[in-house]
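J.: Structure for the following, please:
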Amino acid sequence: MFHNREMERRALEEIVRSNKMEVFLLYGRRRVGKTALLRNAFDYEKPLFYTGKRIAATEQLKQFSQVVASMFPVAGIRFETWQDALQAIFELSAKEPLIVVLDEFPYMVENATEIVSILQALIDTYEMKSQLKLFLCGSSMSFMEGLLSSDNPLFGRKTGYMKLRPLSFKHLPLFFPDRDYHQLMDLYAILGGIPLYLNLPDRPSSLLENIDKLFISLGAPLKEEPLFILMPLL
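T.: A predicted model of the protein is given here:
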């Protein structure tokens, strides 16, 4: 279920309606709902949506090329370099409005560090003639916040950014309309405001039964979640 985020959706929709090139950074901790927000905000816009993966740079470029080719037959070739691939996007956006979402952007750059510098040059070149709405999204807080720093090639090129935060307690009735205030407090104390977690409890089960199903029993979906969250810091 997708709940709330009305303000965030309106902000993204406003960017899409602008009459200039936009370069927007969206970031936040894992499972906070970044991808869901982007897909819901652009549900009717049919953006070029690519999710980066931890794979070899050549395979990443191949998969990106396939996504571009599936949307734009004129670009239906396999790009040999990231310069060719990204320039094709900017060329297309000079002819018609284009929304491009690069989800998990840090994974794309991990084995192809030149991407950031290529984007810098293309943004500078096409700034006055492109109708591109480029959204760079990622869960690596240090990487995404690094894009905002003065020593990064993209410094000064972004037109906006948003750190997506967990939902607040007041939004819990959207997920659990049948629970009273005290029950909601219990759930919020255990699950916080992470949308994915809030969609996991079994509604008919009691609180203790859900704790066992989600955190304790063999194969529980959140059993190792603390380790996965802390692993990048170790």
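
J.: For the longest helix anywhere in the chain, buried residues please.
T.: Criterion DSSP state H: the longest helix present in the chain is helix 57-71. For helix 57-71, burial by neighbour count (16 or more other Cβ atoms under 10 Å) applies to 57, 60-61, 64-65, 68-69. To be clear about C-beta, it is placed using only N, CA and C from the backbone, and glycine gets the same treatment.

J.: who's in contact with it?
T.: 46, 48-50, 52-53, 55, 75-79, 81-82, 85, 88-89, 107-108, 111-112 (Cβ atoms under 8 Å, 6 or more residues apart in numbering).

J.: What are the structural domain limits within this protein?
T.: 6-163, 169-233 (automatic domain parsing).

J.: mind putting these in a markdown table, mean pLDDT included?
T.: Putting the domains of the chain into a markdown table (pLDDT from 0 to 100) gives the following:
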| stretch | mean pLDDT |
| --- | --- |
| domain 6-163 | 91 |
| domain 169-233 | 91 |
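
J.: Can you tell me which of those is packed in deepest?
T.: Each of the domains of the chain was scored by mean neighbour count; the highest is domain 6-163, a mean of 17, by mean count of other Cβ atoms under 10 Å.

J.: got the end-to-end distance for that domain?
T.: Between the opening and closing residues of domain 6-163 lies a distance of 15 Å (Cα to Cα, to the nearest Å).

J.: Tell me how far it lies from the chain's centre.
T.: In terms of Cα atoms, centre = their mean, to the nearest Å, the centre of domain 6-163 is set 10 Å apart from its chain centre.

J.: Doesn't Phe24 lie inside a strand?
T.: Yes. Secondary structure assignment (DSSP: H, G, I helix; E, B strand; the rest coil) places Phe24 inside a strand.

J.: That one pairs with what?
T.: Phe24 has the following beta-bridge partners by DSSP bridges: Phe135, Gly160.

J.: Please apply the same query to Leu98.
T.: Going by DSSP bridges, Leu98 forms beta bridges with Leu132.

J.: And the strands in this protein?
T.: Taking DSSP state E to define them, one finds strands in the chain at 22-27, 48-51, 98-103, 132-138, 160-163.
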